[in-house]
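1. 3D model of this:
(one chain, ligands or ions: 1)
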Amino acid sequence: MPLKKHYTTAVIISNEPISERYFCMTVECKILATDAAPGQFIMIECGKDAFLKRPMGISDANDATGTISFIYQICGTGTRALAEQKIGRELKIIGPLGNKFLVHKNAQSLALVGGGTGIGPLLFCAKKFYTDYPNIALYGFIGARTKNILCGIDEMRGFTKETHITTDDDSYGQKGVATDALFSFLEKKSVDQIISCGPTTMMKKTAEIATQRAIPCHVSLEEYMACGFGACLGCPCEIKNEGYKMICLDGPVFDAEKVVW
Ligand code: FES
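-> A predicted model of the protein is given here:
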């Protein structure tokens, strides 16, 4: 069942680059900071040049400060306008939207596999699980094309027992992609659950690795979203034996085994 969403406004507290490619925005919005769960996203107004709100995966929610954060990449008119927004500006916002990451049954160890802006929801997940499930051993796997676009690795290290970093060009960590590091790790150790968020190719590969080893795996799917709550039917994905689902309404978190990739 969809969780309760709010139509509200948020005031920008910070809006800064965190690597060569990614920005992080933090906004004050008490109601979202209280209600948001890892895996969920918001739709946020980006500025006057961008008519539609844009979906952003929540990377942190802090009930004490009443703030939420999200990581984004400038990839079009909307995100370019968003990057120009200044501290103190009020933006319209809808959220929290979508479902959330859950711990599978009695999992005692969990791998978080991410890349791109997918690192945002994974950081929120790592923080929440680290706090709420201190007995679960968390392992992070973060990949990027090159060192200068890596982000969130210090935070991830703070929440996990081990964090494995990969770069395609060998400029930092292990050479390769995040799923290479996951594969090598699982040759020696095991985990009870995998959660993945990032590029589709990475999540698909993660799902394959999980299936081979019979590890429950959840992925957070991404799609262009116009409304964010099931009204425009613009974000379908095919789920085995269930037909088409809306990523914004039925997801974004799905059982990886059921996704038709
Ligand atoms: Fe409109 Fe999903 S974005 S239905």
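2. looking at this structure, which helix or strand is least sure?
-> helix 77-83 (a mean of 92; mean pLDDT, DSSP states H and E).
3. Just the CA trace of that helix, in CSV.
-> Coordinates of each C-alpha in helix 77-83 appear next as CSV, following Å, rounded to 0.1, in the frame of the first residue of the first chain:
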residue,chain,number,x,y,z
THR,A,77,17.2,21.6,-18.2
GLY,A,78,15.6,20.7,-14.8
THR,A,79,18.7,19.6,-13.0
ARG,A,80,20.7,22.5,-14.5
ALA,A,81,18.1,24.9,-13.1
LEU,A,82,18.2,23.1,-9.8
ALA,A,83,21.9,23.4,-9.5
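4. Give the buried residues for that helix.
-> 78-79, 81-83 (16 or more other CB atoms under 10 Å). C-betas here are computed from N, CA, C, even on glycine.
5. all helices of the stretch 1-150 of the chain, in order?
-> In the stretch 1-150 of the chain, the helices defined using DSSP state H, counting those that start in this stretch lie at 30-35, 77-83, 119-132.
6. which other helices and strands contact the least confident helix or strand of the chain?
-> On a contact count with 3 or more CB pairs under 8 Å, 6 or more residues apart in numbering; DSSP states H and E, helix 77-83 meets strand 22-28, strand 54-62, strand 67-73.
7. Rebuild the helices of the stretch 1-150 of the chain as TSV, extending it with distance to the ligand.
-> What follows is those, written out as TSV (distance: least, CB to the nearest ligand atom, whole Å):
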stretch	distance to the ligand
helix 30-35	19
helix 77-83	14
helix 119-132	17
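8. Pick the most deeply packed of the ones you listed.
-> Across the helices of the stretch 1-150 of the chain, averaging neighbours per residue (mean count of other CB atoms under 10 Å) puts helix 119-132 on top, at a mean of 23.
9. Show me what that helix is in contact with.
-> 36-39, 41, 56-61, 69-71, 101, 103, 110, 112-114, 136, 138, 140, 142, 151-152, 155-156, 159-160, 195, 197-198, 220 (CB atoms under 8 Å, 6 or more residues apart in numbering).
10. ok, now stretch 146-154?
-> Counting by CB under 8 Å, 6+ apart, 18-22, 24, 59, 71, 119-120, 122-123, 142, 144, 163, 165, 167-169, 171-172 sit against stretch 146-154.
11. Can you tell me how far the closest residue to Lys4 other than its chain neighbours is from Asn62?
-> Leaving aside its chain neighbours, Lys4 sits nearest to Asp35 (6.9 Å; criterion: CB to CB, 6 or more residues apart in numbering). For Asp35, the distance to Asn62 equals 13 Å [CB to CB, to the nearest Å].
12. Likewise for Phe41?
-> Counting by CB to CB, the gap from Phe41 to Asn62 is 17 Å.
13. Name the residue in these two with the higher neighbour count.
-> Shown here are Phe41 and Asn62; by other CB atoms under 10 Å, Phe41 has more neighbours (27 against 15).
14. Show me which of the buried residues of helix 77-83 is closest to Lys205.
-> Thr79 (26.3 Å; CB to CB).
15. Who is the nearest residue to that closest one once chain neighbours are set aside paired with across the strands?
-> Nearest residue to Thr79, sequence neighbours excluded (CB to CB, 6+ apart): Tyr72, at 5.5 Å. Beta-bridge pairing for Tyr72 (DSSP bridges): Phe23.
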